[in-house]
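Chemist: model this:
(one chain, ligands or ions: 1)
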Amino acid sequence: MDFSYSDSELYQAQIHLYKHVNNFLSSMALKSATELGIADAIHNHGKPMTLCELASVLKLHPSKVGVLHRFMRLLTHNGFFTKTTQKGKEEEEETAYALTLPSKLLIRSNNSSCLASIVRGALHPSTFYMWNSSKKLFTEDTELPLFESVTGESYWDFMNSDLDFLSLFQESMAADSKMFKLGLKECKHVFEGLDSLVDVGGGTGGVSRLIHEAFPHLNCAVLDQPHVVANLNGTENLNFVGGDMFKSIPSADAVLLKWVLHDWTDELSIKILKNCKEAISGKGKKGKVIIIDIVIDEADDDEELTELKLDYDLVMLTMFNGKEREKKEWEKLIYDAGFSSYKITPVFGFKSLIEVYP
Ligand SMILES: C[S@@+](CC[C@H](N)C(=O)[O-])C[C@H]1O[C@@H](n2cnc3c(N)ncnc32)[C@H](O)[C@@H]1O
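Modeler: Residues are numbered from 1 along each chain as shown. Below you'll find the model as predicted:
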């Protein structure tokens, strides 16, 4: 050990280390707040709430106000609530909690931007168990994702066998897709002039519905696994197709891949992209592929954004053997799949839009 560090440097290093040891507690406190419905309670109240008011609306036993206080203190520190003071019945000063923008995203009622299902889905118990065996990632010579090597089934099979979880997963994907509306305003030109589009791995069609709203004449097909689209009803210009993107993709002017390629290895992503290329090259046309996914850019992104992208990379590694990619990795993937050019536009918060041309 080099003792040339000052005491304060060593204490700072210890704080940094312990903070990261305890990071999961912030996630769990957020999960608890989401399950309790704290954001909804404050929203429905119409003004900031004291702990006693909150405990009463959440139907907590009065002896739990102290526990609630400790959760609210951490969540407030983490930016999910703010504290204000108000006058109580006896004219005494009371602390009351108000929503911030991140907690407004957890309000369920009448909220087209609600992301509560993302919290519940991402922090589902199935996400954690495999991490007890993370050593396998470094010691075992296997192509299997950690989830599969620990549980014996792929994450897709696990979802398909647990219908409640499958519906939570699809709900969370649909919720994430609603944020797409914001980016769509900035990149309308990408969809202008198209007559048809296939949303590959499009889930329950959240993104396609928004595109369809903005471009009613555009013929949209959502391709996903047969059981995902089995009970979904389309409309005249929006239809659902059960199939397998590794086998074939219906032909169209453009193919959309939102949050799909990060689930797959380079080899399998190239297979998907080659099928996309075939789908847009019918009848001598030269269409395009529109990818919406993360592009890691440590040089230009701020710390919080980079951390989120790198966290997602480990989610993809452990669940699916997938990956988040840097610009040069996207470029290699695109050229290896036989495309000739591409353009990246960072328009969807932490995701980017990548237009790919044959
Ligand atoms: C991470 S989700 C993204 C969903 C949607 N694009 C979105 O952003 O909301 C990946 C989707 O790929 C679908 N998928 C997985 N394997 C597939 C296959 N072989 N063919 C078609 N879709 C598939 C899944 O069912 C799931 O809906």
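Chemist: which stretch of helix or strand covers the nearest residue to Cys52 once chain neighbours are set aside?
Modeler: Once flanking residues are discounted, Cys52 sits nearest to Val65: 6.2 Å by Cβ to Cβ, 6 or more residues apart in numbering. Quick note: C-beta positions are derived from backbone N, CA and C, even for glycine. For Val65, the host element (DSSP states H and E) is helix 65-77.
Chemist: And for Gln170?
Modeler: Element membership for Gln170, per DSSP H and E: helix 163-178.
Chemist: in the stretch 251-358 of the chain, which spans are strands?
Modeler: Taking DSSP state E, counting those that start in this stretch as the criterion, the stretch 251-358 of the chain carries its strands at 254-258, 288-293, 295-296, 325-326, 341-348, 351-357.
Chemist: Let's test this: mean pLDDT of the first one, rounded?
Modeler: Taken as a whole, strand 254-258 has a mean pLDDT of 97.
Chemist: so what's the one residue in the stretch 51-200 of the chain that gets nearest to the ligand closest to, chain neighbours aside?
Modeler: Taking Cβ to the nearest ligand atom, the ligand has its nearest neighbour within the stretch 51-200 of the chain at Met173, 3.5 Å off. Spatial nearest neighbour of Met173, excluding adjacent residues (Cβ to Cβ, 6+ apart): Gly203 at 4.7 Å.
Chemist: and Leu232, which of the three is it?
Modeler: On the three-state scheme (DSSP: H, G, I helix; E, B strand; the rest coil), Leu232 is labelled coil.
Chemist: any idea which element the nearest residue to it once chain neighbours are set aside lies in?
Modeler: Nearest-residue entry for Leu232: Phe240, 4.6 Å, with adjacent residues in sequence omitted and distances by Cβ to Cβ, 6+ apart. Here Phe240 sits within strand 238-242, counting by DSSP H and E.
Chemist: and for that strand, what are the contacting residues?
Modeler: Here strand 238-242 makes contact (Cβ atoms under 8 Å, 6 or more residues apart in numbering) with 198, 205, 208-209, 212, 220-230, 232-234, 250.
Chemist: Next: stretch 31-48.
Modeler: 49, 53-54, 57-58, 71-72, 75, 80-81, 84, 86, 96-99, 103-104, 106-109, 116, 119-120, 123.
Chemist: Filter the residues you listed down to the buried ones.
Modeler: Buried subset of the contacts of stretch 31-48 (neighbour count, 16 or more other Cβ atoms under 10 Å): 49, 53-54, 57, 71-72, 75, 80-81, 96-97, 99, 103-104, 106-107, 116, 119, 123.
Chemist: need the residues of the chain near the ligand, please.
Modeler: In this structure, the chain approaches the ligand at residues 173, 176-177, 201-203, 206-207, 223-225, 228, 244-246, 258-260, 263, judged by Cβ under 6 Å from any ligand atom.
Chemist: Alright, calling it a day.
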